[in-house]
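**Student:** following is a predicted model, sequence given first.
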Amino acid sequence: MEALAQVLDGSQLAVVIVSAILAVAIVLLVTEKLPVDLTALGIIAALILLGILDPPEALSGFANPAPVTVAALFAVSRGLMRSGALDFITDRVMRFSGGKPGRLLFISLFLVGGFSSFLNNTPVVVLFISVTMAVCSKYSLSPSKFLLPISFVSILAGTSTLIGTSTNILVSDLAAQNGLEPIGMFELSLLGVPTAMLGALFLFFVSPRVLGSHQEPIYEVHEDSERNRYISELLVEAGSPLEGRTAKVAFETRYAGIELYEVIRRDRLIDPRRQEVDIEVGDVLRVKATAQQLTRILGDRCAVLAQGPDGTAAKPYERDSVIAELLVRPNTPFVGRALSNWMASLDSHVKVIGVKRHWKHYPARKFRDMRLALGDIILVQSPLDHLEQIRAAGELLVIEDVHKTLVYKRKTPIATGIFLTMILVTTLGIADILISSLVAMLLMVITGCLSLREAYRSIDVRVLVLIIGTLALGTALETTGAADLYARWFLKPLADASPQLVLSAFILLTSLLSMFISNNSTAVLMLPIALSTAAGLGVDPRPFVIGICFGASACYATPIGYQTNLLVYGPGGYKFKDYLKLGIPLNLFVWIVASIFVPILWPF
């Protein structure tokens, strides 16, 4: 290093070091020899240890809007799912797709492309991540087949109008500051719309063949199967909507899917499947239902759970507790004990909602007289600290809590209003996406659409660390002058070339840079160089301004190139090379189309 320092001055040495770090980072991110978040942390450490950035500069990514925005949008997306706000769109997408991957991909590309032309594409992608995950869960499809094309088509469509992406607005403002006409609302549509349509066709036909099935859906559990149903008892109280209605008809029309076994009326056991019976106040209904169905009937106040030993009943919508499954494991003292005895031994804060038994049908005897058997699963409501005590005791196995799979239908209008307001405020420019997404996340928690714990759990930390590490690398490329040097080296052989060839090189270079530093930073860096190059050639700079818009948004080949690419990275279970396989052809397509048609539509 000392010998090299004698040959190079400080600035040149910094460029060499940053270039070496960039090369190593690209290799590690593409091959994934190390986890991507570990590579990102390594980038930060290397930049600090080698003196390229001081610690505040290297760690400035923690205060950057990008990772904070992505984290907030993860939470907003989770709030939409928990409230059932996506059910309308999800139901329509499910109905249209019918579980067929081709149909699902087509409608996703069509809707995301259409919305992203006029709305900020980040919340649009957040919305369709949730919708896609729900549909994939319903039909056992792999989300990796759909999420990356959704991100790519949102970027493609963003170049269709001035407001489709913040980069277009930034370039327009910079052009105006340099004495040029700002970009019109639909000026980019001349080329942007056909490019987006052709790109969507490319994604429709190519992405299913290129993208693998990396993982199963992770956001939801399809609860309709027998293995996800619990045995429970519900007490009908005065004022219940079920009162006076025929038991069989009431459940078939209002709560289809809940299986009613018996109606207990004082000392009588009535089988509603064999005998018609009208529900009365005080009846106890023995049912088998999913956790979601149980919370729905309780939330509708049609019934309450049978009381626990302390005279209180569980309230599944209580915000300070979680709903979890406890598995009766081998060699536990609870095997063979009556459920009622086990319930009496519980802390008063732990409530039993139901019991799940896979291997035999519900016996015609009192619910609490059931004797626990190996493999039984008990659905309980418990404060988090009490659940940790049960886990630590080791007598029952605490399965991952199912609280996150429950949908709070009562919160649907609130969550929908919060999300639509976020989009409207961002689109109208009242607040940027950072502020609007943070406020939306805060409102989701305050209004009960999402608990604070769930908000934290919804955030993919790996993605945030990747953003922060690559932001530090982007800062190093800019502050050392490496990015500017790359641009000038790249363009130097084209000093005597035609304006068309120079423009094509500009678009390609802008696209390459936007894969490693933000597209807004790329636009800011490239526009002054483009304007000076146009002046040197003696041509109208307008084609260069438009070319930078298309080049800066052509950032498909890496997950760090654009915010939506990062959003789908975790949920889709992608690898860095997936972006290369599908993104490089799309990058080349946009580059070729823009190189040919920008000089035609915006002559020099």
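**Tutor:** Structure received. Residues are numbered from 1 along each chain as shown.

**Student:** does Leu170 touch Val524 like I think?
**Tutor:** Yes - Leu170 lies in contact with Val524 (Cβ atoms under 8 Å); the separation is 7.1 Å. No exception for glycine: its C-beta is placed from N, CA and C like everyone else's.

**Student:** what about the helices in the stretch 101-250 of the chain?
**Tutor:** For the stretch 101-250 of the chain, applying DSSP state H, counting those that start in this stretch gives helices covering 101-116, 121-139, 147-158, 166-177, 189-210, 247-254.

**Student:** winner for burial among these?
**Tutor:** helix 147-158 (a mean of 30; mean count of other Cβ atoms under 10 Å).

**Student:** please parse this protein into its domains.
**Tutor:** 222-306, 321-361+369-399 (automatic domain parsing).

**Student:** can I get those in CSV including mean pLDDT and distance to Leu22?
**Tutor:** Formatted as CSV, the domains of the chain follow (pLDDT from 0 to 100; distance: least, Cβ to Cβ, whole Å):
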stretch, mean pLDDT, distance to Leu22
domain 222-306, 74, 44
domain 321-361+369-399, 69, 44
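
**Student:** how about those, which one is nearest Gly573?
**Tutor:** Among the domains of the chain, domain 222-306 comes nearest to Gly573, with 18.4 Å by Cβ to Cβ.

**Student:** between the helices of the stretch 101-250 of the chain, which gets nearest to Ser83?
**Tutor:** When those are compared by Cβ to Cβ, helix 121-139 sits nearest Ser83, at 10.8 Å.

**Student:** and that closest one, what does it pack onto?
**Tutor:** The helices and strands touching helix 121-139, judged by 3 or more Cβ pairs under 8 Å, 6 or more residues apart in numbering; DSSP states H and E, are helix 65-83, helix 87-97, helix 101-116, helix 147-158, helix 412-427, helix 433-446, helix 563-569.

**Student:** any idea how far Phe204 is from the nearest residue to Leu141 once chain neighbours are set aside?
**Tutor:** Nearest residue to Leu141, sequence neighbours excluded (Cβ to Cβ, 6 or more residues apart in numbering): Pro101, at 6.0 Å. Counting by Cβ to Cβ, to the nearest Å, the separation of Pro101 from Phe204 is 11 Å.

**Student:** and what of Gln563?
**Tutor:** Here Gln563 is placed at a distance of 23 Å from Phe204 (Cβ to Cβ).

**Student:** next one: Ala523
**Tutor:** Taking Cβ to Cβ as the criterion, Ala523 is separated from Phe204 by 29 Å.

**Student:** so Val352 sits in a strand?
**Tutor:** Yes - per DSSP: H, G, I helix; E, B strand; the rest coil, Val352 lies within a strand segment.

**Student:** okay, now it: neighbour count?
**Tutor:** For Val352, the tally of surrounding residues (other Cβ atoms under 10 Å) stands at 26.

**Student:** hey, what's it bridged with?
**Tutor:** On the basis of DSSP bridges, Val352 is bridged to Val380.

**Student:** what sits closest to Gly164 if chain neighbours are left out?
**Tutor:** Gly158 (3.7 Å).

**Student:** contact partners for the one you found?
**Tutor:** Applying Cβ atoms under 8 Å, 6 or more residues apart in numbering, we find Gly158 in contact with 116-117, 121, 164-165, 167-168, 553.

**Student:** change it to 10 Å
**Tutor:** 113, 116-122, 124, 164-168, 188, 192, 196, 519, 549, 553, 562, 564 (Cβ atoms under 10 Å, 6 or more residues apart in numbering).

**Student:** pLDDT wise, what is it at?
**Tutor:** We have a pLDDT of 83 for Gly158.

**Student:** what's the answer for Val30, then?
**Tutor:** In this model, Val30 carries a pLDDT of 62.

**Student:** Ile323 - that's part of a strand, no?
**Tutor:** Yes - looking at Ile323 with three-state DSSP, it is inside a strand.

**Student:** angles on the backbone of Ile560, please.
**Tutor:** phi -90, psi 0 (degrees, to the nearest 10).

**Student:** you'd agree it is up against Val465?
**Tutor:** No - Ile560 is beyond contact range of Val465, at 11.5 Å (criterion: Cβ atoms under 10 Å).

**Student:** any shared contact partners between these two?
**Tutor:** 36, 40.

**Student:** can you pull the buried residues of stretch 61-78?
**Tutor:** 61, 64, 66-78 (16 or more other Cβ atoms under 10 Å).

**Student:** so which of the helices of the stretch 101-250 of the chain is nearest Ala415?
**Tutor:** helix 121-139 (11.0 Å).

**Student:** distance from the chain centre to that closest one, please.
**Tutor:** Centroid separation between helix 121-139 and its chain, computed with Cα atoms, centre = their mean, to the nearest Å, is 7 Å.

**Student:** tell me the mean pLDDT for that helix?
**Tutor:** For helix 121-139, the mean pLDDT works out to 75.

**Student:** quick one: that helix to helix 65-83, angle?
**Tutor:** With axes from the mean of the first three to the mean of the last three Cα atoms, to 10 degrees defining the directions, helix 121-139 sits at 40 degrees from helix 65-83.

**Student:** and Leu443, what is it in contact with?
**Tutor:** Contacts for Leu443 (Cβ under 10 Å, 6+ apart) come out as 76, 79, 414-415, 417-419, 421-422, 449-450.

**Student:** tabulate the residues you listed (CSV), appending distance to Leu147.
**Tutor:** Converted to CSV, the contacts of Leu443 look like this (distance: Cβ to Cβ, whole Å):
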residue, distance to Leu147
Val76, 17
Gly79, 19
Ile414, 27
Ala415, 22
Gly417, 26
Ile418, 23
Phe419, 19
Thr421, 25
Met422, 21
Cys449, 23
Leu450, 22
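
**Student:** can you flag the buried ones in these?
**Tutor:** Buried among those (16+ other Cβ under 10 Å): 76, 79, 414-415, 418-419, 422, 449-450.

**Student:** Throw these into CSV and include pLDDT, thanks.
**Tutor:** Output for those, formatted as CSV (pLDDT from 0 to 100):
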residue, pLDDT
Val76, 81
Gly79, 80
Ile414, 87
Ala415, 85
Ile418, 88
Phe419, 81
Met422, 81
Cys449, 80
Leu450, 79
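
**Student:** right, and the pair among these with maximum separation?
**Tutor:** Farthest pair in the buried ones among the contacts of Leu443 (Cβ to Cβ) is Met422 and Leu450. Separation: 13.9 Å.

**Student:** which neighbours do those two share?
**Tutor:** 76, 441, 443-444.

**Student:** and the helices in the stretch 451-600 of the chain?
**Tutor:** Using DSSP H, counting those that start in this stretch, the helices found in the stretch 451-600 of the chain span residues 452-457, 461-479, 482-491, 499-514, 519-537, 542-553, 563-569, 576-601.

**Student:** let me know which of the ones you listed is tucked in deepest.
**Tutor:** Mean neighbour counts for the helices of the stretch 451-600 of the chain (mean count of other Cβ under 10 Å) peak at helix 542-553, with a mean of 28.

**Student:** can I get that one in PDB, CA atoms only?
**Tutor:** Extracted in PDB, the C-alpha atoms of helix 542-553 (Å, rounded to 0.1, in the frame of the first residue of the first chain):
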ATOM      1  CA  ARG A 542     -33.100  18.100 -24.900                       C
ATOM      2  CA  PRO A 543     -32.300  14.500 -26.100                       C
ATOM      3  CA  PHE A 544     -29.700  14.200 -23.400                       C
ATOM      4  CA  VAL A 545     -32.100  15.300 -20.700                       C
ATOM      5  CA  ILE A 546     -34.700  12.800 -21.900                       C
ATOM      6  CA  GLY A 547     -32.100  10.100 -22.200                       C
ATOM      7  CA  ILE A 548     -31.000  10.600 -18.600                       C
ATOM      8  CA  CYS A 549     -34.600  10.100 -17.500                       C
ATOM      9  CA  PHE A 550     -34.700   6.700 -19.200                       C
ATOM     10  CA  GLY A 551     -31.200   5.700 -18.300                       C
ATOM     11  CA  ALA A 552     -31.500   6.500 -14.600                       C
ATOM     12  CA  SER A 553     -34.600   4.400 -14.300                       C
END
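
**Student:** name the helices or strands packed onto it?
**Tutor:** helix 147-158, helix 166-177, helix 189-210, helix 499-514, helix 519-537, helix 576-601 (3 or more Cβ pairs under 10 Å, 6 or more residues apart in numbering; DSSP states H and E).
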